[in-house]
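Visitor: build me a model:
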Amino acid sequence: MKDRVRSNWQNAVLICRKCEKKLDGGFGPKGNERLAKALRRHLSLGKGRKAAAGIVEVSCLGVCPKGAVTIVNGAQSRDWLLVQPGADLDALGQALGLTGDTP
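Guide: Just a heads-up that it's a prediction; the model follows:
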């Protein structure tokens, strides 16, 4: 049995699934996608261990903002983001360090 598994992730982002479910979409080009799916698609990250970065939906982060989704960047875990529906995904990708550009 293996005791380690490699991934290509440079970064890991945790997204609250409960917040996403309460909003029932609100992201993507048509505004009907969950934030995790819209962010993966918009930044062309892919899924799984071979993706450039990991976007992981977790059960609940305990913040529960009204009308927003809670996000934690694993590399910058002291600063949590509250993302409103329809947010600019390019700016969000930069803030999370998922693109080559820094804000």
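
Visitor: what is the neighbour count of Gly28?
Guide: Using other Cβ atoms under 10 Å, Gly28 is surrounded by 17 other residues. Where C-beta positions appear, they are placed from N, C-alpha and C, glycine not excepted.

Visitor: who touches it in this structure?
Guide: Lys37, Ala38, Arg41, His42 (Cβ atoms under 8 Å, 6 or more residues apart in numbering).

Visitor: the second one and Arg49, how far apart?
Guide: Using Cβ to Cβ, to the nearest Å, one obtains 21 Å as the distance from Ala38 to Arg49.

Visitor: and these two? Which one has more around it.
Guide: Per other Cβ under 10 Å, whichever of Ala38 and Arg49 has more neighbours is Ala38, with 21 against 11.

Visitor: where's that one, which helix or strand?
Guide: helix 35-42 (DSSP states H and E).
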